[in-house]
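> okay, here's the prediction I keep looking at, along with the sequence it came from:
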4 protein chains.
Amino acid sequence: MDLLQIANRTFRSRLMVGTGKFSSHQAMLDAMEHSGCEIVTVALRRVDINNPQDSLLSHIDRERYLLLPNTSGARTAEEAIRLARIARAAGCEPWIKLEVTPDPYYLLPDPIETLKATEILAKEGFIVLPYMPADPVLAKRLEEAGAATVMPLGAPIGTNRGLLTRDLIAIIIEQARIPVVVDAGLGAPSHAAEAMEMGAAAVLVNTALADTPDPAAMARAFSKGVEAGREAYLAGLGPKRLQASASSPLTGFLRNES
Amino acid sequence: MDLLQIANRTFRSRLMVGTGKFSSHQAMLDAMEHSGCEIVTVALRRVDINNPQDSLLSHIDRERYLLLPNTSGARTAEEAIRLARIARAAGCEPWIKLEVTPDPYYLLPDPIETLKATEILAKEGFIVLPYMPADPVLAKRLEEAGAATVMPLGAPIGTNRGLLTRDLIAIIIEQARIPVVVDAGLGAPSHAAEAMEMGAAAVLVNTALADTPDPAAMARAFSKGVEAGREAYLAGLGPKRLQASASSPLTGFLRNES
Amino acid sequence: MDLLQIANRTFRSRLMVGTGKFSSHQAMLDAMEHSGCEIVTVALRRVDINNPQDSLLSHIDRERYLLLPNTSGARTAEEAIRLARIARAAGCEPWIKLEVTPDPYYLLPDPIETLKATEILAKEGFIVLPYMPADPVLAKRLEEAGAATVMPLGAPIGTNRGLLTRDLIAIIIEQARIPVVVDAGLGAPSHAAEAMEMGAAAVLVNTALADTPDPAAMARAFSKGVEAGREAYLAGLGPKRLQASASSPLTGFLRNES
Amino acid sequence: MDLLQIANRTFRSRLMVGTGKFSSHQAMLDAMEHSGCEIVTVALRRVDINNPQDSLLSHIDRERYLLLPNTSGARTAEEAIRLARIARAAGCEPWIKLEVTPDPYYLLPDPIETLKATEILAKEGFIVLPYMPADPVLAKRLEEAGAATVMPLGAPIGTNRGLLTRDLIAIIIEQARIPVVVDAGLGAPSHAAEAMEMGAAAVLVNTALADTPDPAAMARAFSKGVEAGREAYLAGLGPKRLQASASSPLTGFLRNES
């Protein structure tokens, strides 16, 4: 069976889901349910992690989903590390989606602070999944620093623009020994499928599911898109060609005879 | 239920499959089976349409699949019309995938001959599905001439390059009152998904299924890609944005307070 | 010297300019002047071709510029042919930029009517420059019908979106024996340069020059862009590569020694 | 006059030229001459900087060109810093193009080491021009660390693939207060023009000039491409539009009357 392995755990689903910006908790739960996801990420700044009655957390079935807290909103390594430690102290498993985004407009990750926080958190025993620019050299350094995956961005978060960084993500995938999870900017199932066809191990989607009148249907669509891309990758895609090649190979012969 | 209607028939599947270039009849049948397709296209020049024992035709279960003969190899309207009439005379249903491709290198369709043949065949009672350049004005003229669908190319046949013509196909879809079926050039499930997300009614795939070590797996992948794209289209995709938009909308507030 | 030849005339400039949508006649004249163009196109429907005092025509120095009347606004071959004949009867040289655009929203050319009008006008002795979809088969048919050039569109007119049709234009250029002039959609000098680098013989620009606060400066910029692309084409561009290649070739050696 | 200012110097040309991979010193000198460049970069590892008779250095007229030594081949901040200090000790002006590229295949820059070296060299009084990934957050950090420009890559070096990173470079330009110089991957004048149209302050080209049978002609072409893009940027480019807009605005009226 084709399983995704991250650190010491395995997953059947290669689609991770974020929990922000849904119109209601029910819309969010519908998206989670229909996506088939096994990992959901929650912004630590949005929840009261110490309170089991927290209105968001209490809705998420932690038998079913691995709750992956994220450090969204952190602007420095220090802020991110503090958030991660709070989550673990509150009893969360030591998994952390690391986000360090000093810029308030494009919410792009800081390579320096991200590496610094990865080094420290990995040493403290965290399973670190860093959100990062699509930078192949940084990806290798994060891997060396102990990251469990790298999560390069396809496009700035929330833009729905797809794999603007595809050429660099292709290099990251080629060089990585840890799973590459494409995060941010994937606005349609075709974007998710393309990432998987390139050999990404998984994708994370949020805005595209919250940004539609029918989150459950969109979640099913993304689930199929991810499976489609993964299966095509495993089957082996044909090469892109510059010249046409007839699907009906006898026509050349028939043309000559006619 | 979301059905595809072409002329007077309805179909559950929105993936059509071509039968050329497979390494064996079994590989072809596997691809057909796993694609879930209901329409398969066969080049009239490659089969002996009058012979029920024809090695290709005898393999295709015509209870299960609508056999859509195509005029691949025809260089003029006249040649295409002759092929279509032979097929009907042999007892085929009067459906014809019209292909008129005078150029032997890129196998691109001829707009003039395609329109001419469409007019004549439609008047003779054929259900005509013309392969065409991604030309919005031609699409309207084919529609007026009685075409049952239009089948614009995404990229030259066999190139696996995807929707090179996406901007023009978007206009064709916007203006068409008949189904738009994207044909040729779709080399990966993400390409098929993208076409469906744009509002295409269906896609036709051949080379991508024949061009892989595992046609059955690739056919399943395309099937999921088509469904993913269709469901996302029906659910309603969010807009592409130039600026980032946080998935965790409270961060702005928290940033201000800190 | 590198001259552009169309029919029996030669030109030093490979930039043609349209005269629509300028904020004033002076802005138009400035753009013409600074573009270095030798061919300017004027919509026959916008001028009184029989009146030498026509406010637009009287501004254009016909010693300096070849006035290329166009049939903008024509929806059929018949309308276009009528406009062309009127122009010649009024004493214009028998050059005509043929535009047949039945659709009022995207103003895309009609392949059927365009071919029909080209055949008739060429037989009547016109030098016909047809605006056309980026359709390689149609391009060959227009060439056979006597067109002096083909003018495929890069993107719908007025959109400033550049060479959306680049892959098809590349095929047109490869197959053509007459000059290929890219017309419509070129919104920036880089677009014009790209067309020339691909081997286009010339480009026609209008909206981009009218659509700026400084038409004279933009015209100079396009002129340089066209020359840049042409000179690069003649010099011979290097291939695109997937893998990096150091500009400093000794580094590999030095790396090994260190 | 539109001058490029870097640190305390101004330049008329916005095209910088690299000196690697030319087939001969004469080819390199021809390219420099015809490019109109005022800044040329030389790999410190390729020259004997202490030797005025060095075969490469002795060919470059240092009255005319600012010699910008680069640290090509350095894999760490430490190696790069050492090279920079050697150059200054040899009497070079304290300008340094900083390149730290640990990966031998794609030669992509290391964001961490690049920032570290920039901080140290800027404090030592160097004018530092760092080659960098197209990472907007890193660009701001390099600016804060004292970089005189940032030099994001368009595509991996030597690939001739153009602005693969255009969306990220647009953000870098929008946010930068120092000149943004696009470096690496620009394979054609249209690529250089596009970078300038987006608001880049300058571009650096090497492979494209060495990779052609006629470096002098290609250098002229790039020079025009850079000027074209710059002038278009200053004049103000029109917006990209989704819908067509007639160049001949009266046609709508005439269409209605007819």
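Good, I have the coordinates.

> from here on, contacts and neighbour counts on C-alpha atoms
Fine.

> which residues touch A:Ala217?
A:Ala31, A:His34, B:Glu231, B:Ala232, B:Ala235 (Cα atoms under 8 Å, 6 or more residues apart in numbering or on different chains).

> show me these that map onto helices.
The helices, defined by DSSP state H, take in A:Ala31, A:His34, B:Glu231, B:Ala232, B:Ala235 from these.

> among the residues you listed, which one lies nearest to chain C?
For those, the minimum distance to chain C (Cα to the nearest Cα) is 25.1 Å, reached by B:Ala232.

> from what I see, that closest one and B:Glu197 are in contact.
Yes - between B:Ala232 and B:Glu197 there is a contact under Cα atoms under 8 Å: 6.2 Å.

> might one say that A:Phe11 is in contact with A:Tyr65?
No - in terms of Cα under 8 Å, A:Phe11 does not count as a neighbour of A:Tyr65; the distance is 10.4 Å.

> which neighbours do the two have in common?
Counting by Cα under 8 Å, 6+ apart, the residues touching both A:Phe11 and A:Tyr65 are A:Glu38.

> for A:Ala221, which non-adjacent residue is closest in space?
Leaving aside its chain neighbours, A:Ala221 sits nearest to B:Ala228 (4.1 Å; criterion: Cα to Cα, 6 or more residues apart in numbering or on different chains).

> need the pLDDT of that neighbour.
B:Ala228 is assigned 98 on the pLDDT scale.

> run through the bridge partners of the most centrally placed residue in chain A.
By Cα atoms, centre = their mean, chain A has its centre lying nearest to A:Leu204, at 2.7 Å. Under the criterion DSSP bridges, A:Leu204 forms beta bridges with A:Met16, A:Asp183.

> returning to what we had before: could you measure from the residue nearest to A:Ala221 over to B:Arg241?
Distance, B:Ala228 to B:Arg241, using Cα to Cα, to the nearest Å: 22 Å.

> ditto for A:Ser24
Taking Cα to Cα as the measure, A:Ser24 falls 23 Å from B:Arg241.

> picking up where we left off before, out of the ones in helices among the contacts of A:Ala217, who has the most neighbours?
B:Ala232 (33 neighbours; other Cα atoms under 10 Å in any protein chain shown).

> and the gap between that residue and chain D?
Distance, B:Ala232 to chain D, by Cα to the nearest Cα, to the nearest Å: 22 Å.

> tell me who's in contact with that residue.
If you count contacts by Cα under 8 Å, 6+ apart, B:Ala232 has them with A:Ala188, A:Pro189, A:Ala217, A:Met218, A:Ala221, A:Phe222, B:Glu197.

> do A:Cys92 as well
Applying Cα under 8 Å, 6+ apart, the residues near A:Cys92 are A:Leu67.

> and the pLDDT for it?
The per-residue pLDDT reported for A:Cys92 equals 84.

> again with A:Ile49
80.

> who has more neighbours out of B:Ala228 and B:Arg241?
Using other Cα under 10 Å as the criterion, B:Ala228 and B:Arg241 rank with B:Ala228 on top: 34 against 15.

> excluding its backbone neighbours, what's nearest the residue in the stretch 1-150 of chain A that chain C sits nearest to?
Ranked by Cα to the nearest Cα, the top residue of the stretch 1-150 of chain A for proximity to chain C is A:Pro136, at 13.1 Å. Counting by Cα to Cα, 6+ apart, A:Pro136 lies nearest to A:Ile172, which is 4.8 Å off, once chain neighbours are set aside.

> which one among the contacts of A:Ala217 gets closest to C:Thr212?
Proximity of the contacts of A:Ala217 to C:Thr212 (Cα to Cα) peaks at B:Ala232, which lies at 38.9 Å.

> got the confidence number for the closest one?
97.

> end-to-end on stretch A:63-75?
Stretch A:63-75 end-to-end distance (Cα to Cα) = 32 Å.

> is chain D within reach of that stretch?
No - using Cα under 8 Å from any Cα of the partner chain, stretch A:63-75 stays clear of chain D, with a minimum separation of 11.2 Å.

> what about the helices in chain A?
Along chain A, counting by DSSP H, helices occupy A:25-35, A:77-89, A:111-123, A:136-144, A:166-175, A:189-197, A:207-210, A:215-235, A:251-257.

> let me have those in JSON lines, extended by distance to D:Glu144.
Converted to JSON lines, the helices of chain A look like this (distance: least, Cα to Cα, whole Å):
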{"stretch": "helix A:25-35", "distance to D:Glu144": "40"}
{"stretch": "helix A:77-89", "distance to D:Glu144": "18"}
{"stretch": "helix A:111-123", "distance to D:Glu144": "13"}
{"stretch": "helix A:136-144", "distance to D:Glu144": "20"}
{"stretch": "helix A:166-175", "distance to D:Glu144": "26"}
{"stretch": "helix A:189-197", "distance to D:Glu144": "34"}
{"stretch": "helix A:207-210", "distance to D:Glu144": "32"}
{"stretch": "helix A:215-235", "distance to D:Glu144": "41"}
{"stretch": "helix A:251-257", "distance to D:Glu144": "64"}
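
> and B:Ala208, which of those helices is closest to it?
helix A:215-235 (9.9 Å).

> and that closest one, how far from the chain's centre?
Remark: helix A:215-235 is offset 13 Å from the chain centroid, using Cα atoms, centre = their mean, to the nearest Å.

> now it and helix B:189-197, what's the angle there?
Interaxial angle of helix A:215-235 relative to helix B:189-197 (axes from the mean of the first three to the mean of the last three Cα atoms, to 10 degrees): 150 degrees.

> okay, helix A:215-235 in CSV with CA atoms only?
Output in CSV follows, covering the C-alpha atoms of helix A:215-235 (Å, rounded to 0.1, in the frame of the first residue of the first chain):
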residue,chain,number,x,y,z
PRO,A,215,-16.6,23.1,1.1
ALA,A,216,-17.6,19.5,1.3
ALA,A,217,-17.8,19.1,-2.5
MET,A,218,-14.6,21.0,-2.9
ALA,A,219,-12.9,18.8,-0.3
ARG,A,220,-14.0,15.7,-2.2
ALA,A,221,-12.7,17.3,-5.4
PHE,A,222,-9.3,18.0,-3.9
SER,A,223,-9.1,14.5,-2.5
LYS,A,224,-9.6,13.1,-6.0
GLY,A,225,-7.2,15.5,-7.4
VAL,A,226,-4.5,14.5,-5.0
GLU,A,227,-5.1,10.8,-5.7
ALA,A,228,-5.2,11.4,-9.4
GLY,A,229,-1.8,13.1,-9.3
ARG,A,230,-0.3,10.5,-7.0
GLU,A,231,-1.5,7.6,-9.1
ALA,A,232,-0.2,9.2,-12.3
TYR,A,233,3.2,9.8,-10.7
LEU,A,234,3.4,6.1,-9.6
ALA,A,235,2.2,4.8,-13.0
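
> please list the residues of the stretch 51-200 of chain A that sit near chain D.
A:102-103, A:108-112, A:133, A:135-138, A:164-165, A:167.

> can you do 7 Å?
Residues of the stretch 51-200 of chain A lying near chain D by Cα under 7 Å from any Cα of the partner chain: A:Leu108, A:Pro109, A:Asp110, A:Pro111, A:Ile112, A:Pro133, A:Asp135, A:Val137, A:Leu138, A:Thr165.

> any chance of those residues in CSV, plus neighbour count, distance to chain B and pLDDT?
What follows is those, written out as CSV (neighbours: other Cα atoms under 10 Å in any protein chain shown; distance: Cα to the nearest Cα, whole Å; pLDDT from 0 to 100):
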residue, neighbour count, distance to chain B, pLDDT
A:Leu108, 25, 9, 94
A:Pro109, 28, 12, 97
A:Asp110, 25, 15, 98
A:Pro111, 26, 18, 98
A:Ile112, 21, 20, 98
A:Pro133, 30, 14, 97
A:Asp135, 24, 19, 97
A:Val137, 23, 24, 97
A:Leu138, 25, 22, 98
A:Thr165, 20, 15, 93
